[in-house]
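Asker: I'd like to go over a predicted model; first the sequence, then the structure.
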Amino acid sequence: MPPQGSPTSAVPVRVLAASMAAVSVAGIVAGSLLEIGMPVPFGQWLFIVACVILPSVGLLIAVRRPDNPYGWLLLVTAVCLGLGCLGVGVMVTYGDSHGPLAVAAAALVSLFSVFYGLSWVFIPLIFPDGRLPSPRWRPVAWIAGVAILLHWLGVLLSPDEVYATAFPHGNPLGLEGAAGLLAAFAGGLGQLTVFLVALSVLVSLVRRGRRGLLAERRRLRWMIAGAVATLGSSVVMPISGQVSQAVSWIAAVTAAAALPAVIATVVFRHNLLDIRVGIRGSRLFLIFDLRPTVDELLTELGPGLEEAEPVEQLGRLAGAVRAGLETRWAAVTLADGTRVVAGGEDGEAVLTVPAGLGHIACGPKVAGRFNAEDRRLLGALAVPIGLAIQSAGLAARLVNAQEAERRRIERNIHDGAQQQLVALIAGLELARATGGGSGSLALLREQARQTLTDLRELAAGIHPSVLSQGGLAEAVEERCSRLPVATTVTADPALRSRRFPDEIEGALYFTVSEAVANALKHAEASRIEVRLAWSGGRLRVAVSDDGVGFERGAPGHGGLGALADRIAALGGGLDVSSTPGEGTLVSAWVPAPG
């Protein structure tokens, strides 16, 4: 068996769909011409055009998405509409003969009840993917199906006077007596049930429209409008003829075209079922649907982007570029050469634009060539993609910084405290074996104290206890109190009684520690000044020295790079300014609302 979607299987599907659409269109046109006669008024031509929307949309969806039942539902509904219109035309022309044509016309006219039942209930209910909203709708769908059947049988078999509007010359299939009354009762009960189910479907659409995602809400709003228009016109139509012919005509056009018109709008405007409509030629590719905007693409992606990791975000954005521009593939490349590709990358890139520290590359379009609108959309998408590239790079640098810090701690433990503990244990064993005197014990005690001091220093480099207990100002003062050069710490009084989240205090504390360490190691400073301030919703630190300074970009200050990434991740910033011979100033800030 050929796989679904292969050319062999696609041909019968297209033939069937085209045949159903052709039957519908032929019935609509022939019935309308027979009903009015020649010449055909302009209003009747408008009615024909309005009715043809339904089979056209059904054909489009059935051909593009043959596995989706929604297109076939539209075609079945369209066939009922077309045959019903044909029945009206035949009845107006031959209905008074009571011959075979009158019988056939009555049978065809009765299909309007099926058309209305499907339009009222099932077209809105299984919109847009051809499935029921939930399993609890299954019994409702069965009830609606039975009600539509009862309504059809009632119209088909009821006596003349029950549906006099539908059968102006009488119903040649109508039953008499008790059977006729039973048929009329069944038809009325079926019609009432269908209408009540249709109202419940409308209420469900409204509820779904409030709870769904933005893209789903936009589609459902169109369907709600179409369902309201269809139900309203169906209520008005039986009495509209008594008001005016214009009202009757408007009600008939609305009943026939409201739902297919909104479905067509959603197909063109919101890419229903990912269907795009266009005219393809060797040199021309004209898109008829309104292209989704950047805001719409990002709005649909928003919930997924918030939960995704940076690299996964790039993958989804690349997929959005591919879908929005209808390209065979799209790739996002980071500054370090990392590539995230959506689709199968085959061949060279046709269009490339910069995006932050990386760039976006697109393969050839599925059909046609890139135009100015494609370039505009890609340029607009480059902004959020550039931010995502920056986030991915920041995340990578943070991971590398964390790994480097872990290795530093491991090295310090191995080279410092671990070796001292080994020596202390060896000394204790020797003292135990030789019965060491007070001198050896005093030496071992001093070694133990030094090991404890080193461990405290090591712990302070990880997260000093004074920072957790006393806050940022106290921790910075304690850190600077043991420096071998004159150091001044100035802090706003409000900081003494104010605590901030651990990640904020930790980031600024280690910024101060790293800046001070650099001043001691590289600047040959004789004086260091540290300032802490909190104002305007920002917590700021500044470390200045009177050392030798350095040329911007000179090596030896790379430790601040990881801290800059750490502060940037908190939404802040870090700046280093220096001039040879005039010292260095390191300043940093993070958001800290009051």
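Answerer: On my side now, so go ahead.

Asker: What are the boundaries of the strands in the protein?
Answerer: For the chain, the strands defined by DSSP state E occupy 278-280, 285-287, 329-333, 339-343, 351-355, 358-362, 486-491, 527-535, 538-545, 573-578, 584-591.

Asker: got those strands as JSON lines, with distance to Pro135, mean pLDDT and mean neighbour count columns?
Answerer: C-betas here are computed from N, CA, C, even on glycine. As requested, those are exported to JSON lines (distance: least, C-beta to C-beta, whole Å; pLDDT from 0 to 100; neighbours: other C-beta atoms under 10 Å):
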{"stretch": "strand 278-280", "distance to Pro135": "38", "mean pLDDT": "41", "mean neighbour count": "12"}
{"stretch": "strand 285-287", "distance to Pro135": "38", "mean pLDDT": "39", "mean neighbour count": "15"}
{"stretch": "strand 329-333", "distance to Pro135": "38", "mean pLDDT": "81", "mean neighbour count": "23"}
{"stretch": "strand 339-343", "distance to Pro135": "34", "mean pLDDT": "78", "mean neighbour count": "18"}
{"stretch": "strand 351-355", "distance to Pro135": "44", "mean pLDDT": "76", "mean neighbour count": "17"}
{"stretch": "strand 358-362", "distance to Pro135": "42", "mean pLDDT": "79", "mean neighbour count": "23"}
{"stretch": "strand 486-491", "distance to Pro135": "64", "mean pLDDT": "90", "mean neighbour count": "16"}
{"stretch": "strand 527-535", "distance to Pro135": "57", "mean pLDDT": "91", "mean neighbour count": "18"}
{"stretch": "strand 538-545", "distance to Pro135": "54", "mean pLDDT": "92", "mean neighbour count": "22"}
{"stretch": "strand 573-578", "distance to Pro135": "54", "mean pLDDT": "88", "mean neighbour count": "16"}
{"stretch": "strand 584-591", "distance to Pro135": "48", "mean pLDDT": "91", "mean neighbour count": "21"}
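
Asker: any chance of the ones you listed in JSON lines, with distance to Val253 too?
Answerer: Shown next, in JSON lines, are the strands of the chain (distance: least, C-beta to C-beta, whole Å):
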{"stretch": "strand 278-280", "distance to Val253": "28"}
{"stretch": "strand 285-287", "distance to Val253": "29"}
{"stretch": "strand 329-333", "distance to Val253": "44"}
{"stretch": "strand 339-343", "distance to Val253": "44"}
{"stretch": "strand 351-355", "distance to Val253": "45"}
{"stretch": "strand 358-362", "distance to Val253": "44"}
{"stretch": "strand 486-491", "distance to Val253": "77"}
{"stretch": "strand 527-535", "distance to Val253": "67"}
{"stretch": "strand 538-545", "distance to Val253": "63"}
{"stretch": "strand 573-578", "distance to Val253": "63"}
{"stretch": "strand 584-591", "distance to Val253": "59"}
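
Asker: How about residues contacting stretch 33-44?
Answerer: Ser32, Cys85, Leu86, Val88, Gly89, Val90, Val92, Thr93, Trp249 (C-beta atoms under 8 Å, 6 or more residues apart in numbering).
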